[in-house]
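*Asks:* quick one, fold the following:
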Amino acid sequence: MVRTTFHCRLIKLIIPGPKFEELKLIDDKLLQSLKDFRKYVIKSQDTYMILRFNSSIPLWDENNILIRGYHHIQIRTTQQVEIDQPIEGQAHCVSPILLEDWRCLSYQRIITGLKFFNGESKVKVNHSSKFILMTSKTSSTISAEGIKSVCRFEETFYNKVNSPTNYNGHLCPALRSSLGKYHKCEFCKLTEKTEENKGKEKEKGIDDLVDAQIAELESSNSPADSAYQSE
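*Replies:* You can find the predicted model right below:
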């Protein structure tokens, strides 16, 4: 159940149990990183671990195959936990256009979180993979290896988006508005090349039109006009 809700971007917060039963099916390496964090960082039994999830909305293609989303997981610790009464949701249909807008927004939220990371950040990268980045606050500055892990995740997230091409026309403008020159995926390069070719064809069309008009003017000159001009 947790694995399904995780991949569907339906989890915002998890307070893991003693044996991490909720997370066993998500990712083995991520699970081991959490066990190490609890073993080496949490010294008191009165301290709770909290996982906050910031995830992008996944997709299912025309063959109903899952196209995975991206996840930034932040580890927090607290001495006291207050859990609000869950709100019962109501299932309803969402239009494809609205879903695309939500997906763009979910990407931008992750980007906003990543923008706070730099060489002076007091952050530790506890786990990093193609689709998951897990971090925690620390008293030490982020390590060189940690920076590399963040950069690898960003490179995949920014320019090798796990998305079918027909969705990129909607997603790429949103990413460019947030990332500027740092977003330039293969879809964008192809689009730029297509627009460049269209521009060249348009210029060639204008040149051909001008040449045709000049030729028409030259051919329309009568012999009398030519004689008059020679006098």
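*Asks:* point me to the helix or strand that includes Ser106.
*Replies:* Element membership for Ser106 (DSSP states H and E) is helix 96-114.
*Asks:* list the helices and strands that helix packs on?
*Replies:* Identification of packing neighbours for helix 96-114 by 3 or more Cβ pairs under 8 Å, 6 or more residues apart in numbering; DSSP states H and E yields strand 48-55, strand 71-78, helix 144-159, helix 165-179. All C-beta atoms are positioned from the backbone trio N, CA, C, and that covers glycine.
*Asks:* please tabulate the ones you listed in CSV, including the columns distance to Lys124.
*Replies:* As requested, these are arranged in CSV below (distance: least, Cβ to Cβ, whole Å):
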stretch, distance to Lys124
strand 48-55, 14
strand 71-78, 9
helix 144-159, 6
helix 165-179, 25
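*Asks:* which one of the ones you listed lies nearest to Asp28?
*Replies:* Closest to Asp28 of the helices and strands packed on helix 96-114 is strand 71-78 (Cβ to Cβ; 15.0 Å).
*Asks:* angle of that closest one against strand 48-55?
*Replies:* Counting by axes from the mean of the first three to the mean of the last three Cα atoms, to 10 degrees, strand 71-78 lies at 160 degrees to strand 48-55.
*Asks:* that older thread, residues contacting the helix holding Ser106, please?
*Replies:* Where contact means Cβ atoms under 8 Å, 6 or more residues apart in numbering, the residues beyond helix 96-114 that reach it are 9, 54-57, 59, 69-70, 72, 94, 150, 153-154, 157, 167, 170-171, 174-175, 178-179.
*Asks:* kindly recompute the last result at 7 Å.
*Replies:* Residues outside helix 96-114 that contact it (Cβ atoms under 7 Å, 6 or more residues apart in numbering) are 9, 54-57, 70, 72, 154, 157, 167, 170-171, 174-175, 178-179.
*Asks:* so after it, what's the next helix or strand?
*Replies:* Note on helix 96-114: by DSSP H and E, the next helix or strand toward the C-terminus is strand 123-128.
*Asks:* helices or strands up against the helix or strand that that next one is followed by?
*Replies:* Sequence order places strand 132-137 as the next helix or strand after strand 123-128, per DSSP H and E. On a contact count with 3 or more Cβ pairs under 7 Å, 6 or more residues apart in numbering; DSSP states H and E, strand 132-137 meets helix 28-40, strand 71-78, strand 123-128.
*Asks:* hmm, try it at 6 Å
*Replies:* In terms of contacts (3 or more Cβ pairs under 6 Å, 6 or more residues apart in numbering; DSSP states H and E), strand 132-137 is packed against strand 71-78, strand 123-128.
*Asks:* wait, Ile14 sits on Leu51?
*Replies:* Yes - at 4.5 Å, Ile14 counts as touching Leu51 under the criterion of Cβ atoms under 6 Å.
*Asks:* and for the closest residue to Lys24 other than its chain neighbours, the neighbour number?
*Replies:* Leaving aside its chain neighbours, Lys24 sits nearest to Leu31 (6.3 Å; criterion: Cβ to Cβ, 6 or more residues apart in numbering). If you count neighbours by other Cβ atoms under 10 Å, Leu31 ends up with 16.
*Asks:* go on, Ala144?
*Replies:* With other Cβ under 10 Å as criterion, Ala144 counts 8.
*Asks:* the residue lying closest to Gly146 once chain neighbours are set aside pairs with what?
*Replies:* Using Cβ to Cβ, 6+ apart and skipping the chain neighbours, the partner closest in space to Gly146 is Val125 (4.1 Å). Following DSSP bridges, Val125 is listed with bridge partners Thr135.
*Asks:* does the residue nearest to Lys24 touch Glu21 like I think?
*Replies:* No - Leu31 is beyond contact range of Glu21, at 10.4 Å (criterion: Cβ under 6 Å).
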